[in-house]
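**Student:** The following comprises the amino acid sequence and a computationally predicted model.
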Amino acid sequence: MKTLKHFITITVLLLAVTIYGQQAQQKIELKIDEIGNGKINISMTMNAAQWQQWNGTYGTNPSALKRDIERSMPAFIVDDFKLDKDEMNRSFNLSLNAYGVCKIDKRGRWIMDTDQKDAQVTELTEHKYMLVSSPPEFGGAIQQTYIIEFPETAHKIKIDKDAFGKSIFEFEMDNPSSSFNVLRWSGVLLMVVGGGWFGKNALGKS
């Protein structure tokens, strides 16, 4: 599960960023609800060359963006896509819902993975955290600032490590109703699998 390090929308932007080789700043806001689903907002401002490339691929055809994400993630449910563009400032905001971004472990604790060793996490408030990352596999071409907001019902939030020494968020939260979708057990593994395929598809179009 690699929610933070390999979130699928990163690959949407690599098509522009990789070609022109200049570092881009990306902000990803993840707001988790009381049943472990996430509302995600991704925003970014580009230079002229990056904007032209990205806009030509997806910016002028948001239905293609939605279709590619859905096709690349057939076993994972994402919906409520909304793409807002600011042509004047060469920026955009993409929002969507993702189901099952957290999982419940055998001890009954909620888990969200970062897939990063010794992740540099800053606590902003009791329920809000910030993580800044520049994935080395992308050659420093993109810097991501994550704002992760947990619901008010979450408590005992802490940063721990999994069996592989990677940082994870652990927290407690009242059990959801029995009618909650089974996706709560899946975590974000399917997001990563889909994201990998989507990245290949996007880069293959360049």
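**Tutor:** Perfect, I can see it now.
**Student:** which stretches of the protein form helices?
**Tutor:** 8-20, 48-54, 62-72, 189-204 (DSSP state H).
**Student:** what residue ranges in the chain are flagged as low confidence?
**Tutor:** For the chain, residues meeting the criterion pLDDT under 70 lie at 1-22, 72-76, 135, 137-140, 175-206.
**Student:** how far away is the closest residue to Cys102 other than its chain neighbours from Glu87?
**Tutor:** Distance criterion CB to CB, 6 or more residues apart in numbering; nearest residue to Cys102, sequence neighbours excluded, is Gly36 at 3.8 Å. Where you see a C-beta, it was placed from the backbone N, CA and C, and this is true even at glycine. For Gly36, the distance to Glu87 equals 36 Å [CB to CB, to the nearest Å].
**Student:** And the two? Which one has more around it.
**Tutor:** For Gly36 versus Glu87, the count of surrounding residues by other CB atoms under 10 Å is larger for Gly36: 26 against 10.
**Student:** isn't the more buried one right up against Lys103?
**Tutor:** Yes. Between Gly36 and Lys103 there is a contact under CB atoms under 8 Å: 7.2 Å.
**Student:** which residues touch the closest residue in space to Lys158 that isn't next to it in sequence?
**Tutor:** Spatial nearest neighbour of Lys158, chain neighbours left out: Glu170 (5.5 Å); criterion: CB to CB, 6+ apart. Listed by CB atoms under 8 Å, 6 or more residues apart in numbering, the contact partners of Glu170 are Arg109, Trp110, Ile111, Lys156, Ile157, Lys158, Ile159, Asp160.
**Student:** now do Met130
**Tutor:** Listed by CB under 8 Å, 6+ apart, the contact set of Met130 reads Val121, Thr122, Leu124, Thr145, Tyr146, Ile147, Ile148.
**Student:** Asp79: which of the contacts of Glu170 is nearest?
**Tutor:** Trp110 (22.1 Å; CB to CB).
**Student:** what bridges to that closest one?
**Tutor:** Note on Trp110: beta-bridge partners by DSSP bridges are Ile104, Phe171.
**Student:** gap between it and Thr60?
**Tutor:** The spacing between Trp110 and Thr60, counted by CB to CB, is 39 Å.
**Student:** Repeat that for Ala163.
**Tutor:** Using CB to CB, one gets 45 Å for the distance from Ala163 to Thr60.
**Student:** Ile157 too?
**Tutor:** Separation of Ile157 from Thr60 (CB to CB): 41 Å.
**Student:** same deal with Gln52?
**Tutor:** Distance of Gln52 to Thr60, given as CB to CB: 11 Å.
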